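> kindly return the folded structure for what I paste below:
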Amino acid sequence: MNFNILKSTALFSLSFCSALFCQNFPVNEVLINGENYTHMNIVFLSEGFTKSEMGLFNQKVESTVRQIFKTQPYREYKNYFNVYSIEVASKESGSDHPGTAIDEPQGVSTFTRDTYFNSTFDGGRIHRLLLIKNYGAVHSVLQDNLPEWDIVFIIVNHSWLGGAGGAFAIFSLHSRSFDTAIHEVGHSFAHLADEYEGIAGGRTGHEAANATTETRRDFIKWNKWIHGSTPLPTPEIEDRYGNVIGLFEGAVYNPTGWYRPKYLCKMRQSLKPFCEVCIEQTILSIYNLLPTFESFEPFNQELTFSANANIDFVIHPMKPTPNTIQTDWYLNNELIAADTDSFHLRTAGYNDGKHSIKAVVTDKTHLVKNDPYTFLSGEVVWEIKIDSTRLANNDASELIKGFEFHQNFPNPVHNITTITFRLPISSTVRLQIYNAKGQIVQTLRNGQMLPGLHEISWRTNRVSQGVYFIRLLAGPFSKVKKCLVLDR
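So this is what the prediction gives:
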């Protein structure tokens, strides 16, 4: 899978968004660990907050983020995430309460509020089920402001305890709401099932990573976590089996016939930690969307070198804390270097012809025992050709393949234009604008950038009409594009 291309396609949608139709709101960077296309992007949306209440919203975002990354396994994989908040202002504060729940509290009034996403308590006639009615508005705000989103939390401006999972994790301002939020993201991100029973109205159970009707030991999906001495089904005796993985009856709203992995887990009681099985599923969900590495060098995977070349092959892995990533290197399918992020190849001594270099990157975390689709392992293969007739000074040209610098669009420019380029490797980038006299009029980027496709906007309100040159310097790569700026 070409992950950089896959993730970067979302970047185009923002630049083609017409100002006439876009819903632009303030976007805040809460935690940034890297480029959006190489990381999981958590987005918080405000619901039922007026413009004057955004300080309260951002405070709640910050406190929730702290709690999320104290929670296993988000704690260990914090480096894999970026976090943003989007300030979506509502006309009125709060949420709706129609009073239609069958478990309606006594003496509580009904009310409606004019809010952006039209949130409401009493969803499905359950008082604490806090839902969003206008999902179309949620998708539009995300598409117009941060289309690279992966996980979405919606914070509702109300003090009652409430929340819901589904496509997005929804929660309120109640003091226990961060536990609710993390429970709900177990649904919306890791696709975990509720493990409690007796919900109002009752529901039909369903198979999930943490719920099953299977009672045969060898066929239980979390069997690798169950000790051989643990009885199945497992008695609900907390002081004896409260800390083991087993097969506890009662899950997905059914007291009998459905089973969960642990006596107590956050998916049963939101104040508890995730159990081992739910932690494992969360990590698998991360690696289902992200590779085990951010980038690699050289970017070009088909290379020809002289008989006396020296080449560095490098992997830039995603690294949890503590680091459990191991990279092993193979030359012609034979292990040649273990547990290192780089490999130096000297072609001297190897025969002319084709050879292969393979890097295998694996997360060796003890938090995962079941990885049937090998999400925790990824590889890069370079096919190289050694040619003794090749001049050594041609080797460098092979290594800069993969750099791209496209003509800005639109050109001519009336107000704003987009400059697009691709980096095959991490590079120190200088993107500068020169006038016709060769003078630098603006520096758009000056610093290290990760591999992948990049889009940089240039607003021309600071320059006069005329011809300008856009120069890209990126490592060994240099190129210039000409553009014309017209009066606005």
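> Provide a list of residues in contact with residue 267.
Listed by Cβ atoms under 8 Å, 6 or more residues apart in numbering, the contact partners of residue 267 are 183, 186, 192-195, 210, 260, 274-275, 278. For the C-beta atoms, the positions are set from N, CA and C on the backbone; glycine is no exception.
> and for residue 189?
Residues 150-151, 169, 282, 285 are the ones in contact with residue 189 under the rule Cβ under 8 Å, 6+ apart.
> give me the buried entries from those.
Burial by neighbour count, 16 or more other Cβ atoms under 10 Å: within these this picks out 150-151, 169, 282, 285.
> look up how far residue 273 lies from the residue most central in space within the chain.
Centroid-nearest residue in the chain: residue 40, 1.2 Å away (criterion: Cα atoms, centre = their mean). From residue 40 across to residue 273, the span is 21 Å (Cβ to Cβ, to the nearest Å).
> swap in residue 467?
Separation of residue 467 from residue 273 (Cβ to Cβ) stands at 62 Å.
> pretty sure residue 324 sits against residue 364.
Yes. Under the criterion of Cβ atoms under 8 Å, residue 324 lies in contact with residue 364, with a separation of 4.9 Å.
> neighbour-wise, which of the two wins?
Here residue 324 and residue 364 are set side by side on neighbour count (other Cβ atoms under 10 Å), and the busier one is residue 324, at 16 against 12.
> so for the more buried one, what's the pLDDT?
The confidence metric pLDDT takes the value 98 at residue 324.
> on that earlier part again, the residue nearest to the centre of the chain: what's it in contact with?
Residue 40 makes contacts with 80-82, 150-151, 286, 289-290, as judged by Cβ under 8 Å, 6+ apart.
> do residue 408 as well
Contacts of residue 408 by Cβ under 8 Å, 6+ apart are 417-420, 458, 470, 481, 483.
> ok, which pair from the residues you listed is furthest apart?
By the measure Cβ to Cβ, 420 and 483 form the most distant pair in those, at 12.9 Å.
> can you pick out the residue with more neighbours from the two?
Using other Cβ under 10 Å, the more surrounded residue of residue 420 and residue 483 is residue 483, with 20 against 17.
> so that one makes contact with residue 470?
Yes. Residue 483 sits in contact with residue 470 when judged by Cβ under 8 Å, with a separation of 6.2 Å.
> next SSE downstream of the lowest-mean-pLDDT helix or strand in the chain?
The helix or strand with the lowest mean pLDDT-type score in the chain, counting by mean pLDDT, DSSP states H and E, is helix 3-15 (a mean of 33). Where DSSP states H and E defines the elements, the next helix or strand beyond helix 3-15 is strand 27-31.
> can you give me the strands in the stretch 251-400 of the chain?
Assignment of strands within the stretch 251-400 of the chain using DSSP state E, counting those that start in this stretch yields the ranges 254-260, 293-297, 302-305, 310-317, 325-331, 334-337, 342-346, 353-363, 377-386.
> pick the most deeply packed of the ones you listed.
strand 293-297 (a mean of 22; mean count of other Cβ atoms under 10 Å).
> keeping just the C-alphas, turn it into PDB.
Provided in PDB are the C-alpha atoms of strand 293-297 (Å, rounded to 0.1, in the frame of the first residue of the first chain):
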ATOM      1  CA  PHE A 293       6.900   3.500   9.500                       C
ATOM      2  CA  GLU A 294       6.500   7.100   8.400                       C
ATOM      3  CA  SER A 295       8.900   7.100   5.500                       C
ATOM      4  CA  PHE A 296      12.000   5.500   4.000                       C
ATOM      5  CA  GLU A 297      15.100   6.400   2.000                       C
END
